[in-house]
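Undergrad: Here is a sequence together with a model predicted from it:
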Amino acid sequence: MFKGAITAIVTPFKEDESLDLDALKRLVEFQIRNKIDGIVPCGTTGESPTLNYEEHEEVIETVIGAVNGRVPVIAGTGSNCTKEAIEMTIKAADAGADASLQVCPYYNKPTQEGLFRHFSAIAKSVDIPIIIYNIKGRTGINMETPTLARIAREHSNIVAVKEASGDISQMQDVLNTLPKGFDVLSGDDNMTFPLMKLGGKGVISVASNIIPHEIHNLAEYALKGDFKKAEELHNKLMPLFKGIFIETNPTPIKAALAMKGMIKESYRLPMCEMQPENKIKLKEILQGLKII
């Protein structure tokens, strides 16, 4: 159901830190013009932890309206509170989202049984497809493969996982264990090629915020089995993949977009601007790849 290059889009802010919805609409057009295969608003890259409920809904609705059915919109509506996740997911579905991205509950560190019940409750609340987002480095809890398989068996609308564990052996285990129609997407740009070579279907990407066409091509090559071209592009882009994580995401990718003149370089605390020495390194990478 989900494949190719899907952008976890940033949330642009004005200098006063209010939402810059005009800039967001322009970013959506840039993505679609450059052949992106889907857009995720209000993910980690969208700084969702610093958006209030009304802003969260406004960003999702703005992206849905700007996309206007041209590519799937996968709304980030996860939470470490099951009731809250259900409420946000229902609102996103009512607004016209094509699917929902549900992060594993963070901070409270539920058991595997708790994870199963959490995602089961969300799946029962809506009809739209759900992608589970497994990112132990941010949540403190890993979605074990048997738990993921159990959830997928029980709920037909849980159709994919965004795998950002960084553990290629776990990704291989997921690919071997889950049914053929269950999509495994990379949650890390630098793992896209290795995962797709094993059978993954694509990536929910940070880098595609600024190079959507190149990430689309990388995924397209891999989907067609042209792993030679995919690897060449992967190797070429590796400096960028590393550079946009030289500090915590989404700080570097927003800085990169600002260098390109696409957004204001504005964050909300506790996120802040890059350290000067890291910003210089990022700029050199962007110049080396002729992105700016």
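TA: Nice, I can see it.
Undergrad: Between the two ends of stretch 137-151, what distance do you get?
TA: According to Cα to Cα, to the nearest Å, stretch 137-151 extends 22 Å from its N-terminal end residue to its C-terminal end residue.
Undergrad: next one: that stretch to chain centre, how far?
TA: With Cα atoms, centre = their mean, to the nearest Å as the basis, stretch 137-151 stands 17 Å off its chain's centre.
Undergrad: From the rest of the structure, what touches it?
TA: Defining contact as Cβ atoms under 8 Å, 6 or more residues apart in numbering, one finds that stretch 137-151 is touched by 44, 103-107, 109-110, 112, 115-116, 119-120, 123, 132, 134, 136, 158, 161, 164-166, 170, 173-174, 177-178. Heads up, the C-betas are built off the backbone N, CA and C, glycines and all.
Undergrad: May I see the ChimeraX selection of the buried members of the residues you listed?
TA: Selection of buried members from the contacts of stretch 137-151 for ChimeraX, criterion 16 or more other Cβ atoms under 10 Å:
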select :44,103,104,105,106,110,115,116,119,120,123,132,134,136,158,161,164,165,170,173,174,178
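Undergrad: Mind checking which of the contacts of stretch 137-151 are in helices?
TA: Per DSSP state H, helices hold the following members of those: Gln112, Leu115, Phe116, Phe119, Ser120, Ala123, Lys136, Gln170, Asp173, Val174, Thr177.
Undergrad: how near is the fifth one to Gly114?
TA: Going back to what we said before, that points to Ser120. Note on Ser120: its distance to Gly114, by Cβ to Cβ, to the nearest Å, is 11 Å.
Undergrad: same thing with the last one?
TA: Going from Thr177 to Gly114 by Cβ to Cβ gives 21 Å.
Undergrad: which residues touch Phe182?
TA: Shown in contact with Phe182 (Cβ under 8 Å, 6+ apart): Ala152, Val159, Ala160, Val161.
Undergrad: tell me which element the residue lying closest to Leu218 once chain neighbours are set aside falls in.
TA: Spatially, and ignoring its direct neighbours in sequence, Leu218 is nearest to Leu233 (4.7 Å; Cβ to Cβ, 6 or more residues apart in numbering). Assignment of secondary structure by DSSP states H and E places Leu233 within helix 227-243.
Undergrad: how about that helix as PDB, C-alpha atoms only?
TA: This file holds the C-alpha atoms of helix 227-243, laid out as PDB (Å, rounded to 0.1, in the frame of the first residue of the first chain):
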ATOM      1  CA  PHE A 227      20.400  -1.800  -7.100                       C
ATOM      2  CA  LYS A 228      23.500  -0.600  -8.900                       C
ATOM      3  CA  LYS A 229      22.000   2.800  -9.600                       C
ATOM      4  CA  ALA A 230      20.300   2.900  -6.200                       C
ATOM      5  CA  GLU A 231      23.700   2.200  -4.400                       C
ATOM      6  CA  GLU A 232      25.500   4.900  -6.500                       C
ATOM      7  CA  LEU A 233      22.900   7.500  -5.500                       C
ATOM      8  CA  HIS A 234      22.900   6.300  -1.900                       C
ATOM      9  CA  ASN A 235      26.700   6.700  -1.700                       C
ATOM     10  CA  LYS A 236      26.500  10.100  -3.400                       C
ATOM     11  CA  LEU A 237      24.000  11.400  -0.900                       C
ATOM     12  CA  MET A 238      25.500   9.800   2.200                       C
ATOM     13  CA  PRO A 239      27.300  13.100   3.300                       C
ATOM     14  CA  LEU A 240      23.900  14.800   3.300                       C
ATOM     15  CA  PHE A 241      22.300  11.900   5.200                       C
ATOM     16  CA  LYS A 242      25.000  12.300   7.900                       C
ATOM     17  CA  GLY A 243      24.900  16.100   7.800                       C
END
